[in-house]
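**Q** model the following, please.
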Amino acid sequence: MTATRPAEFVRAGIVPVNNLPTHEAESLTAGGNQALIVLNDQVYNLRITRAGKLILTK
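**A** Okay, the predicted model is just below:
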């Protein structure tokens, strides 16, 4: 997985903080509205709502 280049965020008016990796939610969901994220053998569901909010559940 690759982070979006900071220049793209600057053009959009978004400035990454402290050089943290920054990712577009739409990229994580491959253009859909859900993605699974795995951390330490635990699976989390990332969902983009119709209102454009993010929900992360276990």
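
**Q** wait, what's in contact with the residue nearest in space to the middle of the chain?
**A** The residue lying closest to the centre of the chain (Cα atoms, centre = their mean) is residue 25, at 3.1 Å. Going by Cβ atoms under 8 Å, 6 or more residues apart in numbering, residue 25 touches 46, 48, 54. For every residue, glycine as well, the C-beta is placed using N, CA and C.

**Q** enumerate the positions of stretch 48-58 that are buried.
**A** Of all the residues in stretch 48-58, those buried under the rule 16 or more other Cβ atoms under 10 Å are residue 48.

**Q** extract the C-alpha trace of that stretch and format it as PDB.
**A** Output of stretch 48-58 as PDB, limited to C-alpha atoms (Å, rounded to 0.1, in the frame of the first residue of the first chain):
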ATOM      1  CA  ILE A  48     -17.400   4.900   4.300                       C
ATOM      2  CA  THR A  49     -20.900   6.000   5.100                       C
ATOM      3  CA  ARG A  50     -23.300   7.700   2.600                       C
ATOM      4  CA  ALA A  51     -22.600  10.900   4.500                       C
ATOM      5  CA  GLY A  52     -18.900  10.600   3.800                       C
ATOM      6  CA  LYS A  53     -17.900   9.600   7.300                       C
ATOM      7  CA  LEU A  54     -15.500   6.800   8.300                       C
ATOM      8  CA  ILE A  55     -16.400   4.100  10.700                       C
ATOM      9  CA  LEU A  56     -13.900   1.500  11.900                       C
ATOM     10  CA  THR A  57     -15.300  -1.500  13.700                       C
ATOM     11  CA  LYS A  58     -13.900  -4.800  15.000                       C
END
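
**Q** identify the residues contacting that stretch?
**A** With Cβ under 8 Å, 6+ apart as the test, stretch 48-58 has contacts from 25, 26, 29, 33, 34, 37, 42, 43, 44, 45, 46, 47.
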